[in-house]
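*Asks:* Return atomic coordinates for the entry below.
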Amino acid sequence: MKRILWVLALAVPVLVACTHPGPAARTTPSPSPSPAVTQARGVDVSDVPDGLDADERLAARFVIVANTPDAAIDQTATAAWSRAAELATPELADQIRASRQPAGAGWQRIRAKKGWVSVQITNVLDGHPQAPGAPAVSGAPIVVLFQQTYHTGSTASRDTNTQQWNVTVTDGKVSNFVMGGA
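*Replies:* Here you go, the predicted model:
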């Protein structure tokens, strides 16, 4: 038994010395510029549904970008709206960028945990008729129904409330939107 303890007493310092660099072996990594993050993590994991036309895809993309704040790049929850403004007409983009809304308690919790939000599009409806022979509604807003998932640390919780945004697309740009329908 004494022999095993004696061997271990010699082996432990040797193993530590082999696996732990001494002062001479340590180096300080040179600072390297980190790539600028411009897209929220939630945008990366939120999918635009298949089978949509160009205007419907744009409306869905607008909803995703506007509703995916990320504490890694956003100071406020509405900062995501500024990214969505890139998809809007110049007039609407100016209004979006000028809007300031106070952050709620939910955003404060997400920000404290360096969290982010993703979007699940559940349905996209537009003015195309669903009944045979029914007329199409010109200029009707595209209705985007969605839910959000809040990611904080290693947990994710989905909001079970379905939200609705009515998005108007004109000449390939979002020209108006109404949160909550109507």
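*Asks:* Just want the phi and psi numbers for K114.
*Replies:* phi 60, psi 40 (degrees, to the nearest 10).
*Asks:* Check P141 too.
*Replies:* Main-chain dihedrals, P141, degrees, to the nearest 10: phi -70, psi 150.
*Asks:* residues near the nearest residue to it once chain neighbours are set aside, how many?
*Replies:* In this structure, P141 finds its nearest non-sequential neighbour in N166, 3.9 Å apart by C-beta to C-beta, 6 or more residues apart in numbering. Where C-beta positions appear, they are placed from N, C-alpha and C, glycine not excepted. With neighbours defined by other C-beta atoms under 10 Å, the count for N166 comes to 18.
*Asks:* And N166, which helix or strand is it part of?
*Replies:* Taking DSSP states H and E as the definition, N166 sits inside strand 163-170.
*Asks:* Need the three-state assignment for V143.
*Replies:* The three-state label given to V143 by DSSP: H, G, I helix; E, B strand; the rest coil is strand.
*Asks:* gap between the two ends of stretch 46-55?
*Replies:* Start and end residues of stretch 46-55 are separated by 18 Å (C-alpha to C-alpha, to the nearest Å).
*Asks:* Please work out which residues outside that stretch touch it.
*Replies:* Residues from elsewhere that reach stretch 46-55, judged by C-beta atoms under 8 Å, 6 or more residues apart in numbering: 57, 60-61, 64, 68, 118-121, 124, 126, 142, 169, 172.
*Asks:* Go through it and flag the buried ones.
*Replies:* Within stretch 46-55, the residues scored as buried using 16 or more other C-beta atoms under 10 Å are 46, 48, 52, 55.
*Asks:* P132: which of these is nearest?
*Replies:* Comparing the buried residues of stretch 46-55 against P132 with C-beta to C-beta places L52 closest, at 21.1 Å.
*Asks:* in what helix or strand does that closest one lie?
*Replies:* In the assignment (DSSP H and E), L52 maps to no helix and no strand.
*Asks:* picking that back up, please flag which of the contacts of stretch 46-55 sit within helices.
*Replies:* Judged by DSSP state H, the subset of the contacts of stretch 46-55 located in helices is 57, 60-61, 64.
*Asks:* how about the nearest residue to the residue nearest the centre of the chain, chain neighbours excluded?
*Replies:* Nearest residue to the geometric centre of the chain (C-alpha atoms, centre = their mean): G42, 2.1 Å. Using C-beta to C-beta, 6+ apart and skipping the chain neighbours, the partner closest in space to G42 is T68 (3.1 Å).
*Asks:* What is the neighbour count of the one you found?
*Replies:* For T68, the count of nearby residues is 25 (other C-beta under 10 Å).
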